[in-house]
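Peer 1: Turn this into a structure:
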Amino acid sequence: MRRRFYCEGGSEVTRVVVKEDGDALLPCSLSTEQNIQSELFDWKKDGRNVFLYDAADEYNSGRSGQDVQFKGRVFHFQDQLKHGNASIIIRNTRVEDGGDYTCAFPRLQGHVFHIKLVVAPILKNRPEVPGAAPEPSVKTLDQTKDWSVLQCLVRGASPKPLLQWKDSAGNILPAKEPQFTERGGSYDVILQTTVTKTDHYHCVVTQEEISHQTEAETYVHISGAASKPYVTILKAREGGVLLQCEVQGASPKPLLQWKDSAGNILPAKEPQFTERGGSYDVILQTTVTKTDHYHCVVTQEEISHQTEAEIYVQPIAHNCGEQSQGSDSTGLVIAVVVLSIILGVIVLLAVCCIKRRCTNKGSQAERDPL
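Peer 2: Reported below is the predicted structural model:
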């Protein structure tokens with residue numbers, strides 16, 4: 001951001017405001033747009049040498065004399081010199097770069113431009129500043145399957161720091177009242193919070209007065225490591241066997257894969273996820289067509305956890321169900337037919353036998369008259 005104003009004596013001053021660690025463009029151009037490739041222009045800040053150009057001889061090409069504060073951070077615009085532009089850019093600005101700058105053309109009727117640079121400090125880790133809080137100490141005080149109590153401790157900070165617990169999304173978490181202990185103008189601070197979800201948590205320590213901020217991270221896993229999956233055969237039919245793998249209450253979200261005994265990942269249907277309070281129930285199905293030992297592998301990379309279960313699929317006979325049912329029906333029909341034939345033969349023989357007896361009796365009666 002630039003603004004123009006006038007200093008004592010009527011000289012125009014350009015005010016430039018940038019954030020710390022950003023790049024500052026300090027303007028300096030001749031209104032005549034005279035080519036200055038062979039000229040001399042000199043940038044100074046409070047009497048210190050910032051940048052000097054003299055007919056292509058300049059600090060970045062080996063010329064000596066530049067103040068150590070600006071070494072390797074100040075550059076001009078070579079292609080703009082022919083238009084009378086002697087502006088410079090200061091890379092990675094520091095708070096101490098702020099101040100009054102002059103851009104002078106000693107050989108051109110003493111043209112001098114005035115620039116005021118303001119560098120707005122940002123919050124960042126400044127361990128070199130006296131009283132800056134060190135990186136906090138974080139730990140888990142207590143934990144159950146449903147929650148964890150986290151503690152953040154900072155020692156010897158001055159001025160008094162602000163402590164905050166944040167989740168991985170940057171949300172500030174509710175916490176107990178901080179506990180302060182003051183010793184000779186320095187502060188020890190404890191801040192506790194209770195969390196109920198698996199996540200990466202940060203304790204952030206801020207000291208606005210000295211633009212200092214530091215933090216520490218801890219990982220909390222709440223009762224979410226997947227247990228051994230449940231595997232089963234859902235259907236055995238023509239074309240293969242349908243296998244199902246099921247996991248319940250896993251957090252973070254697990255990855256399920258079906259593999260054969262050689263470790264090859266098998267194609268599967270889209271997994272079915274059900275989310276409940278940050279935990280996941282997952283079902284994964286696949287169809288196999290070969291006899292083998294099959295494994296359902298459950299992986300949670302974030303917590304370096306993996307578990308699996310195995311199931312054996314026996315030789316698969318095509319149309320086995322239909323064939324068995326047909327064979328039973330055919331056997332029953334044959335048995336009925338055979339039994340019917342046998343009964344028919346028995347009945348026929350019995351009839352013939354009766355007829356013979358009757359015939360024999362009749363013949364004997366004719367031979368023996370009363």
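
Peer 1: ok, Leu173 - contacts?
Peer 2: Going by C-beta atoms under 8 Å, 6 or more residues apart in numbering, Leu173 touches Gln164, Trp165, Lys166, Asp167, Thr193, Val195, Tyr201. Quick note: C-beta positions are derived from backbone N, CA and C, even for glycine.

Peer 1: Next up, phi/psi of the closest residue to Trp147 other than its chain neighbours, please.
Peer 2: Nearest non-adjacent residue to Trp147, counting by C-beta to C-beta, 6 or more residues apart in numbering: Thr196, 4.9 Å away. For Thr196, the backbone dihedrals (degrees, to the nearest 10) come out as phi -130, psi 10.

Peer 1: Against Tyr230, how distant is Thr196?
Peer 2: Per C-beta to C-beta, to the nearest Å, Thr196 is found 27 Å from Tyr230.

Peer 1: Repeat that for Gln306.
Peer 2: Separation of Gln306 from Tyr230 (C-beta to C-beta): 16 Å.

Peer 1: what's the answer for Pro271, then?
Peer 2: Pro271 is 15 Å from Tyr230, by C-beta to C-beta.

Peer 1: Among the two, which residue is more densely surrounded?
Peer 2: Pro271 (17 against 13; other C-beta atoms under 10 Å).

Peer 1: how far away is the more buried one from Gly47?
Peer 2: Here Pro271 is placed at a distance of 70 Å from Gly47 (C-beta to C-beta).

Peer 1: Grab the nearest non-local neighbour of Gln300.
Peer 2: Pro254 (5.0 Å).

Peer 1: Please list all residues in contact with the one you found.
Peer 2: Ala226, Val247, Tyr280, Val282, Val298, Thr299, Gln300.

Peer 1: Kindly report the same for Pro159.
Peer 2: Gly131, Gln207, Glu209, Ile210.

Peer 1: run the last query once more with 7 Å
Peer 2: Gly131, Gln207, Glu209 (C-beta atoms under 7 Å, 6 or more residues apart in numbering).

Peer 1: Lys82 too?
Peer 2: Lys82 touches Asn35, Gln37, counting by C-beta under 7 Å, 6+ apart.

Peer 1: change it to 6 Å
Peer 2: Contact analysis of Lys82 by C-beta atoms under 6 Å, 6 or more residues apart in numbering lists Asn35.

Peer 1: Then the one 4 residues further on?
Peer 2: Counting by C-beta under 6 Å, 6+ apart, Ala86 touches Cys28, Phe41, Cys103.

Peer 1: What count of nearby residues applies to the last one?
Peer 2: The number of residues packed around Cys103, counting by other C-beta under 10 Å, is 23.

Peer 1: likewise the first one?
Peer 2: Counted with other C-beta under 10 Å, residues neighbouring Cys28 total 23.

Peer 1: Which residue, other than its chain neighbours, is closest to it?
Peer 2: Using C-beta to C-beta, 6+ apart, the closest residue to Cys28 is Cys103 (3.5 Å).

Peer 1: Shouldn't that neighbour be within a helix?
Peer 2: No. Assessed with DSSP: H, G, I helix; E, B strand; the rest coil, Cys103 is strand; it does not lie in a helix.

Peer 1: From Ser31, how far out is it?
Peer 2: On the measure of C-beta to C-beta, Cys103 and Ser31 end up 13 Å apart.

Peer 1: surely Leu26 meets Lys116?
Peer 2: No. Leu26 lies out of contact with Lys116 (C-beta atoms under 6 Å); the separation is 9.7 Å.

Peer 1: Of those two, which one has the most company?
Peer 2: Counted by other C-beta under 10 Å, Leu26 and Lys116 do not tie: Leu26 has more neighbours, with 23 against 17.

Peer 1: which ones are touching that one?
Peer 2: Contacts of Leu26 by C-beta under 6 Å, 6+ apart are Ile88, Tyr101, Ile115.

Peer 1: 10 Å instead, please
Peer 2: 2, 14, 16, 43, 45, 50-51, 74, 86-90, 101, 103, 113, 115-117 (C-beta atoms under 10 Å, 6 or more residues apart in numbering).

Peer 1: taking those one by one, which sit in strands?
Peer 2: 2, 14, 16, 43, 45, 50-51, 74, 88-90, 101, 103, 113, 115-117 (DSSP state E).

Peer 1: quick one: low-confidence parts of the stretch 1-150 of the chain?
Peer 2: Along the stretch 1-150 of the chain, the model assigns pLDDT under 70 to residues 1-11.

Peer 1: which residues sit in contact with the residue nearest the centre of the chain?
Peer 2: What sits nearest the mean C-alpha location of the chain, by C-alpha atoms, centre = their mean, is Glu302, with 8.8 Å. Counting by C-beta under 10 Å, 6+ apart, Glu302 makes contact with Thr198, Asp199, His200, Tyr219, His221, Gly224, Ser251, Pro252, Lys253, Pro254.

Peer 1: What confidence value was assigned to it?
Peer 2: Glu302 carries a pLDDT value of 82.

Peer 1: Tell me which stretches of the stretch 101-250 of the chain form strands.
Peer 2: 111-120, 137-143, 148-157, 162-166, 179-183, 186-195, 199-207, 212-220, 230-237, 240-250 (DSSP state E, counting those that start in this stretch).

Peer 1: rewinding a little: of the contacts of Glu302 - the most surrounded one?
Peer 2: Going by other C-beta under 10 Å, Pro254 tops the contacts of Glu302 with 26 neighbours.

Peer 1: what separates that residue from His221, distance-wise?
Peer 2: For Pro254, the distance to His221 - C-beta to C-beta - is 13 Å.

Peer 1: Pull up the overlap in contacts between the two.
Peer 2: Common neighbours of Pro254 and His221 (C-beta under 10 Å, 6+ apart) are Gln300, Glu302, Ile303, His305.
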